[in-house]
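Participant: 3D model of this:
(chains A and B, ligands or ions: 3)
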Amino acid sequence: MYEDGWIPTICYQCKAECAILARVENGVVKEVKGNPQGRDKACVKGMAGITSLYSSERLKFPMKRVGERGSGKFERISWEEAMGIMEKKLTELHERGEAHKFTYSMFPHSVTDPKWRFVNAAGGFISTGLPHCDSGKIMAMMHTFGCFPNHHIAPMYHTVPKGGLMILSGRHPFGCLDDAAVPKYILDAKERGAKLIVIDPIFRPEAAKADWWIPIKPGGDASLFLGVCHYLLTNDLYDKEFCDKWVREGDMDNLMAYIQDKTPEAMSKICDVPAADIIKLAKMAAEAPSACIDAFKSIMYGNAMDWGHAWCLFLVITGNLDNPGGQPLPEIAPMAPVEPVPPAPDVTELGYHRSGNNREKFDNYNFFLQPTWYAAQAIKDGTLKVFFASECNPALSEMGSGEWRKAVTMKDDNDDYMLELLVVTEIMPSETMKWADLVLPDQTNFERWELLYMPWWYNFGHCAALCQPVVEPIGEARHANRVFIELGQRMFPEYFAFKDDVEYYDIELSGVDMSVKELQENGGIWSPGAVGFRKYEDKGKFDTPSGKIELEWQMYKDIGQDWPSPELPQEYRRGEKDFPFILVNFRTIFLNNTGAWSQNNAQLRDPVSGLDANPCLLNPIDAKKLGVADGDTVTMESSTGSVEIPVMLTERIIPGCAGIIHGFGQTVGKVASRGSWVNDNELIADAGSTLDEQDLRGGEAHVSTRVKIYK
Amino acid sequence: MRQLSIMVDLDRCIGCKTCIVACRNHHNIIDHENDQPGAMANYIRVESKLEGTYPELREDSWVVMCQHCKKVPCAKACEYDAITKDPQTGIVLIDQEKCTGCGECIEKCPYNVIQFNKEDNYAHKCNLCYDRVIHGLTPVCVDVCLTDALSFGEKEILLMQAEARGKKMIKKMSTQSIIYVKNA
Ligand code: SF4
Ligand code: SF4
Ligand code: SF4
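Facilitator: Residues are numbered from 1 along each chain as shown, chains lettered A, B, ... in the order given. Ligands and ions are numbered 1, 2, ... in the order given. Modelled structure (predicted):
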């Protein structure tokens, strides 16, 4: 069944899901490279995917917990028994009228991911496998332009013209959480004469290649760009023609009034970027034929919505919407629905976070996915009873991950766990698996079928790509999609009246006159070709209620959020005296952050080909004040936790910040647990305890806090 | 003598290490099932240099593999004639059959790129993907480089291409057959 040769499939060493070719020889994957029918690139994680596939640490059989939760003691069971356990518990929940107290934390690979379908059929909710790193941006663009942004990947760098500006604000595209072709596209654009501007408190590979590195105080992005907008608007340097035509009537006048006091000088005091540099950036933007912004870290702060809003203002007044080199707007491929479609539960009525003690606080939170971080709180409130997790690692990746671990072991008066069932599907040992009742061995991307179809996803949206098995699966590993289709067929046959995953994808693909087989024959990729620019011109409108760009968020007027606040996120404004440093937790190309399969990959944790250390980066100026030397072990303490960590003195980081890489600190897995590296989430408060720091309209504060450092 | 070569563009290398892992996979120098970090051979490595003090910083990254030296110090050190420079391609090859595992070449290589297989007692290193280039393909590292920082061809031609693109050869780094270039 499995052929030798270069077989197209999809990488899943991170969420970018690049199109790759796998070279198979006698049923064994030998090599990986980018699929030339896709964008021809795969990064180091993709290359190292083979090591995950064949690692002796692969989970091979379903297992059930035998000790207490967290003891890590399991025994092998059959798939039949595993299915029975899940079916019984979900049926019981349903019969109790508590179906909505089931949440599946997953990374959906398409809007019609079969797991998501299962959750809808079961009456539960999904939360993305990771915290909503981008909900602030998504909501900002929905409010302003009426559509989803092309997710993380804002710009199409291959369309940036000579002289265009590529602005990375706390963004790490060389780390390939975008399509692996992006680094090349950025450097190509630079060679064409585009300018790369990198705004980041840490000098990273992007800054090393930038025309201009702007060090900034973390969380200062909103104020920086408001200062830029002030200069453009008050000096008549904005795209008046575009604004006159496309912005809702009255919004420009109100924006002018609002922006009056956001002078570069005033904003400089907040973000620590000199006013002259804010003006220089504004002038560059005014002169450039195009400008785009891509941000990541800053869309995870508590002021993410403010930043998203300021970002939208900048794009609009510079006329950079859906133009070459600007912010692309998505187009959605018309996949066919698999009928009948199970209805999604009513988010406003049933969401577990809304039925809990904090219901009122969430009244403005209208993001359509559950906030992952709220799980610990929901368990304590009794509003989360069954939790499934796939391709995520909440025991490590939750803010206040300690709280999560505590919550899953909490018991009621009858000595029963408050969280009644915790199921994890995993490829490799993970931190979360330690706490699970059921561990289901998952398949790697070399062993499974999957249709990647996320209209707004990294790969420039509006295409579909096929992940197909290229070798026999290891052990009894089964892909989570198959597991939940089978469970769906047992529990909700009306919604699962198709043979298997392949047939499901076939039905979906019929919407674009394709099939799995044709995709296979055509190199694994379907795309209707060019995305097209300025689609709103053809349409004559934006998909907002007014049909125009809505700069003023009138629905938030009563909570004073109709315009963005330039202030730093609350988590950085508080406790400055006791906790003088801002923790900057950044990402690298070598880890899929907390994903157990890249954590446990020997090539990615090898000192030559990967990364095997995570010291605390400190500027020598700070080190001198603290009296610490390179290599000293220090205590890093926040208001909620502390860790011991060696320091590395470096000019790369701005004074006043302490940098560590996000996602280390796993205690299980031979490879992942090497060294005594810490997890940044040990320092970050459990989100349920800091609701005032969350942007409850769609943004979320996570991975951010203040710390103190001492020997 | 014709010299096949790789040109490393420092303006494009981002130090991502994709080339290292691809090379390891292709040349089968890893046991995916059991190898642990810190104990795997590598034919290519990343180096980088950060200069300046905050906030005036510059950083270059580049890769180092066997330089396929002109005068071949490793070959000279080898008493068993296990190392030769192929006259057709200029590629320096280690003959595993002849290699006794004495390790002299490792000592003498100025670039510290020769690997040693302890189990089977032989030296091995980058062969410029001899198996591929003799069939007209590019070396694996060149093929997969994330940013197209590497290019492959005859050294003379690569130098002309560099010139045409306004790149200067970094003389200090390019004493051998792998060339390093940067914007002039
Ligand atoms: S770089 Fe080292 S191994 Fe390669 S030819 Fe020169 S001396 Fe020999
Ligand atoms: S030329 Fe081939 S053997 Fe040499 S470093 Fe590159 S990939 Fe490895
Ligand atoms: S793959 Fe290319 S960019 Fe990455 S380290 Fe190797 S040579 Fe440099």
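
Participant: next, count neighbours for residue A:242.
Facilitator: By the measure other C-beta atoms under 10 Å in any protein chain shown, the count of residues near residue A:242 is 17. To be clear about C-beta, it is placed using only N, CA and C from the backbone, and glycine gets the same treatment.

Participant: the one 10 residues further on now?
Facilitator: Around residue A:252 sit 19 other residues, with neighbours defined as other C-beta under 10 Å.

Participant: next, the distance between the ends of stretch B:148-165.
Facilitator: 14 Å (C-alpha to C-alpha, to the nearest Å).

Participant: same thing with stretch A:643-656?
Facilitator: Span of stretch A:643-656 from end to end, C-alpha to C-alpha: 18 Å.

Participant: and if you look at stretch B:166-182?
Facilitator: Termini of stretch B:166-182 sit 9 Å apart (C-alpha to C-alpha).

Participant: spatially nearest residue to whichever residue of chain A sits closest to ligand 1, not counting backbone neighbours?
Facilitator: In chain A, the residue that lies nearest ligand 1 is residue A:608 (16.8 Å; C-beta to the nearest ligand atom). Spatially, and ignoring its direct neighbours in sequence, residue A:608 is nearest to residue B:42 (4.8 Å; C-beta to C-beta, 6 or more residues apart in numbering or on different chains).

Participant: what does residue B:21 give?
Facilitator: Here the residue nearest residue B:21, using C-beta to C-beta, 6+ apart, is residue A:47, at 3.8 Å.

Participant: looking at it, that neighbour is touching residue B:22, isn't it?
Facilitator: Yes - Residue A:47 lies in contact with residue B:22 (C-beta atoms under 8 Å); the separation is 4.7 Å.

Participant: got the residues of chain B near ligand 1?
Facilitator: Within chain B, the positions near ligand 1 by C-beta under 6 Å from any ligand atom are B:66-69, B:72-74, B:92, B:109, B:111, B:113-114, B:125.

Participant: just the buried ones from those residues?
Facilitator: Among the residues of chain B next to ligand 1, those classed as buried by neighbour count (16 or more other C-beta atoms under 10 Å in any protein chain shown) are B:66, B:67, B:68, B:69, B:72, B:74, B:92, B:109, B:111, B:113, B:114, B:125.

Participant: now the common contact residues for residue A:47 and residue B:22.
Facilitator: A:32, B:144 (C-beta atoms under 8 Å, 6 or more residues apart in numbering or on different chains).

Participant: these two: which is more packed in?
Facilitator: In this view residue A:47 and residue B:22 are compared by other C-beta under 10 Å, and residue A:47 has more residues nearby, 31 against 28.

Participant: next, the contact list for the more buried one, please.
Facilitator: A:32, A:603, B:18, B:21, B:22, B:25, B:144.

Participant: gap between the two ends of stretch A:206-224?
Facilitator: Start-to-end, stretch A:206-224 (C-alpha to C-alpha) is 19 Å.

Participant: give me the distance from that stretch to the chain's centre.
Facilitator: Centroid separation for stretch A:206-224 versus its chain: 21 Å, with C-alpha atoms, centre = their mean, to the nearest Å.

Participant: and what of stretch A:417-427?
Facilitator: Using C-alpha atoms, centre = their mean, the offset of stretch A:417-427 from its chain centre is 22 Å.

Participant: tell me which residues of that stretch are tucked away?
Facilitator: A:417, A:418, A:419, A:420, A:421, A:422, A:423, A:424, A:425, A:426, A:427.

Participant: how about stretch A:14-31?
Facilitator: A:14-24, A:28-29, A:31.

Participant: just for the stretch 501-650 of chain A, where's the confidence low?
Facilitator: Residues of the stretch 501-650 of chain A meeting the criterion pLDDT under 70: A:529-531, A:593-594.

Participant: now the strands: where do they sit in it?
Facilitator: For the stretch 501-650 of chain A, the strands defined by DSSP state E, counting those that start in this stretch occupy A:525-526, A:581-586, A:616-618, A:633-637, A:642-649.

Participant: what is the neighbour count of the closest residue in space to residue A:629 that isn't next to it in sequence?
Facilitator: Ranked by C-beta to C-beta, 6+ apart and with sequence neighbours excluded, the top spatial neighbour of residue A:629 is residue A:623, at 7.1 Å. By the criterion of other C-beta under 10 Å, residue A:623 has 20 neighbours.

Participant: and if you look at residue B:53?
Facilitator: 10.

Participant: so it is in contact with residue A:652, correct?
Facilitator: No - at 10.7 Å, residue B:53 does not count as touching residue A:652 under the criterion of C-beta under 8 Å.

Participant: what residues are up against the residue of chain B positioned farthest from its centre?
Facilitator: Most distant residue from the mean C-alpha position of chain B: residue B:55, 33.0 Å away (C-alpha atoms, centre = their mean). By C-beta under 8 Å, 6+ apart, residue B:55 lies in contact with A:213, A:215, A:654.

Participant: closest to residue A:453 out of those residues?
Facilitator: Among these, residue A:213 lies closest to residue A:453 (C-beta to C-beta), at 37.2 Å.

Participant: widest-spaced pair of the buried residues of stretch A:417-427?
Facilitator: A:418 and A:427 (28.4 Å).

Participant: for the closest residue to residue B:108 other than its chain neighbours, phi and psi?
Facilitator: Closest residue in space to residue B:108, ignoring its immediate chain neighbours: residue B:77 at 3.9 Å, by C-beta to C-beta, 6+ apart. Main-chain dihedrals, residue B:77, degrees, to the nearest 10: phi -80, psi -20.

Participant: and what of residue A:512?
Facilitator: According to degrees, to the nearest 10, residue A:512 has phi -120, psi 30.

Participant: I'd say it and residue A:451 touch.
Facilitator: No - with contact defined as C-beta under 8 Å, residue A:512 does not reach residue A:451; the gap is 11.3 Å.

Participant: overlap in contacts of these two?
Facilitator: residue A:464.

Participant: one step back: filter the buried ones among the residues of chain B next to ligand 1 down to the ones in helices?
Facilitator: Among those, the residues falling in helices (DSSP state H) are residue B:74.

Participant: and ligand 3, which of the buried ones among the residues of chain B next to ligand 1 contact it?
Facilitator: Checking those against ligand 3 (C-beta under 6 Å from any ligand atom), there are no matches.

Participant: out of the buried ones among the residues of chain B next to ligand 1, who's nearest residue A:660?
Facilitator: residue B:113 (32.2 Å).

Participant: shouldn't residue A:167 be within a helix?
Facilitator: No - going by DSSP: H, G, I helix; E, B strand; the rest coil, the assignment for residue A:167 is strand, not a helix.

Participant: now do the contacts for it.
Facilitator: A:197, A:198, A:199, A:291, A:292, A:293, A:294.

Participant: one more time with 6 Å
Facilitator: A:197, A:293 (C-beta atoms under 6 Å, 6 or more residues apart in numbering or on different chains).

Participant: roughly how far apart are it and residue A:566?
Facilitator: 18 Å (C-beta to C-beta, to the nearest Å).

Participant: residue A:650 is in contact with residue A:620, correct?
Facilitator: No - here residue A:620 does not reach residue A:650: they are 7.8 Å apart, not a contact under C-beta atoms under 6 Å.

Participant: show me which of these two is the more surrounded one.
Facilitator: residue A:650 (19 against 16).

Participant: got the residues of chain B near chain A?
Facilitator: Within chain B, the positions near chain A by C-beta under 6 Å from any C-beta of the partner chain are B:12, B:14, B:16-18, B:20-22, B:25-26, B:32-38, B:40, B:42, B:45, B:53-55, B:57, B:59, B:144, B:146-148.

Participant: cutoff 7 Å now
Facilitator: B:12, B:14-18, B:20-22, B:24-26, B:32-38, B:40, B:42, B:45, B:50, B:52-55, B:57, B:59, B:143-144, B:146-148 (C-beta under 7 Å from any C-beta of the partner chain).
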